[in-house]
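**Student:** Let's see this in three dimensions:
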Amino acid sequence: MKDLDVRAATLRELRARHNDDTQTRIVEEMGIWSGSVRIDIAVINGELQGYELKSHRDTLERLPAQAELYSQIFDRITLVVAGRHLNAANSKIPDWWGIKLAYPAGLSEVSLQEIRPANANPEVNPALLARLLWRVEALAILKRLGVDRGVRSRPTGVVACRVVESLSLDQLRFEVRETLKNRVGWLGQPVSN
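**Tutor:** Numbering: from 1, shown residues only. Predicted coordinates:
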């Protein structure tokens, strides 16, 4: 069971679940931390959900670091894991993460079984969430709020800090999700993806 098989099964399930939902965007290889780290699949709708995939051929070497980074941004996260990693993976992720077992179902099919559902993230980091916004997007939000004065020509980090200062966490989550859902030319994907 290869990564592509696990990815195909996960995408199939997510697309079936959100097939008629025009308010959901599914993004593969979504970059965080200025694109230096990528989560395998992100689902953006009323929440920002992440899916990290670990196939039979993968190792869990990077999982603790990934768990630490992803847990600062996503509202919910699910680890989709091959059977050989199930026990070890459980001890490397927070309890609020969901787990799905990927297992062979026929010659070339992979099925998914929910082991535990993903719960709400208790501690999203507002500063890192705001850094998901491109500078021009963050400035547009600040301009709409009337608080862009003094940061229009400043670096992205300063603009992101102003966004965090100007919005509650719930407002920030909403603005980031809406911006990501409507972003054009992102990862070479049309908005309909």
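
**Student:** Sketch out the low-pLDDT regions of this protein for me.
**Tutor:** 187-193 (pLDDT under 70).

**Student:** How is it partitioned into domains?
**Tutor:** Domain ranges of the chain: 3-116, 126-182, per automatic domain parsing.

**Student:** export those to CSV and tack on mean neighbour count?
**Tutor:** From N, CA and C alone the C-beta is placed, and that goes for glycine too. Putting the domains of the chain into CSV (neighbours: other CB atoms under 10 Å) gives the following:
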stretch, mean neighbour count
domain 3-116, 17
domain 126-182, 16
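
**Student:** And the strands in the chain, which stretches?
**Tutor:** With DSSP state E as the criterion, the chain has strands at 25-32, 37-44, 48-54, 76-82, 98-104, 110-116.

**Student:** What strands flank the third one, and is each parallel or antiparallel?
**Tutor:** Each strand pairing with strand 48-54, determined using DSSP bridges, is listed with its direction: strand 37-44 (antiparallel), strand 76-82 (parallel).

**Student:** mind checking how far it is from the chain centre?
**Tutor:** Between the centre of strand 48-54 and the centre of its chain there are 6 Å (CA atoms, centre = their mean, to the nearest Å).

**Student:** Repeat that for the last one.
**Tutor:** Centroid separation for strand 110-116 versus its chain: 19 Å, with CA atoms, centre = their mean.

**Student:** other SSEs contacting it?
**Tutor:** Applying 3 or more CB pairs under 8 Å, 6 or more residues apart in numbering; DSSP states H and E, one finds that strand 110-116 contacts helix 3-17, strand 98-104.

**Student:** angle of the first one against strand 98-104?
**Tutor:** What that stands for is helix 3-17. With axes from the mean of the first three to the mean of the last three CA atoms, to 10 degrees defining the directions, helix 3-17 sits at 120 degrees from strand 98-104.

**Student:** which residues touch helix 3-17?
**Tutor:** 26, 28, 40-41, 43, 51, 53-55, 57-58, 80, 82, 100, 102, 108-112 (CB atoms under 8 Å, 6 or more residues apart in numbering).

**Student:** before we move on, back to that, can you put the strands of the chain in a markdown table and add distance to Glu123?
**Tutor:** Output for those, formatted as a markdown table (distance: least, CB to CB, whole Å):
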| stretch | distance to Glu123 |
| --- | --- |
| strand 25-32 | 16 |
| strand 37-44 | 17 |
| strand 48-54 | 14 |
| strand 76-82 | 13 |
| strand 98-104 | 17 |
| strand 110-116 | 19 |
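
**Student:** Arg173: which of these is closest?
**Tutor:** Nearest to Arg173, of all these, is strand 48-54, at 7.2 Å by CB to CB.

**Student:** To Gly150, which of the strands paired with strand 48-54 lies closest?
**Tutor:** Minimum separation from Gly150 across the strands paired with strand 48-54 (CB to CB) falls at strand 37-44, 30.2 Å.

**Student:** List every C-alpha atom in the closest one, with coordinates, as PDB.
**Tutor:** Extracted in PDB, the C-alpha atoms of strand 37-44 (Å, rounded to 0.1, in the frame of the first residue of the first chain):
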ATOM      1  CA  VAL A  37       5.900  22.600   5.800                       C
ATOM      2  CA  ARG A  38       3.100  20.900   3.900                       C
ATOM      3  CA  ILE A  39       0.100  19.000   5.200                       C
ATOM      4  CA  ASP A  40      -1.000  16.300   2.800                       C
ATOM      5  CA  ILE A  41      -4.700  17.400   2.500                       C
ATOM      6  CA  ALA A  42      -6.600  20.300   3.900                       C
ATOM      7  CA  VAL A  43     -10.300  20.700   4.000                       C
ATOM      8  CA  ILE A  44     -11.500  24.300   4.300                       C
END
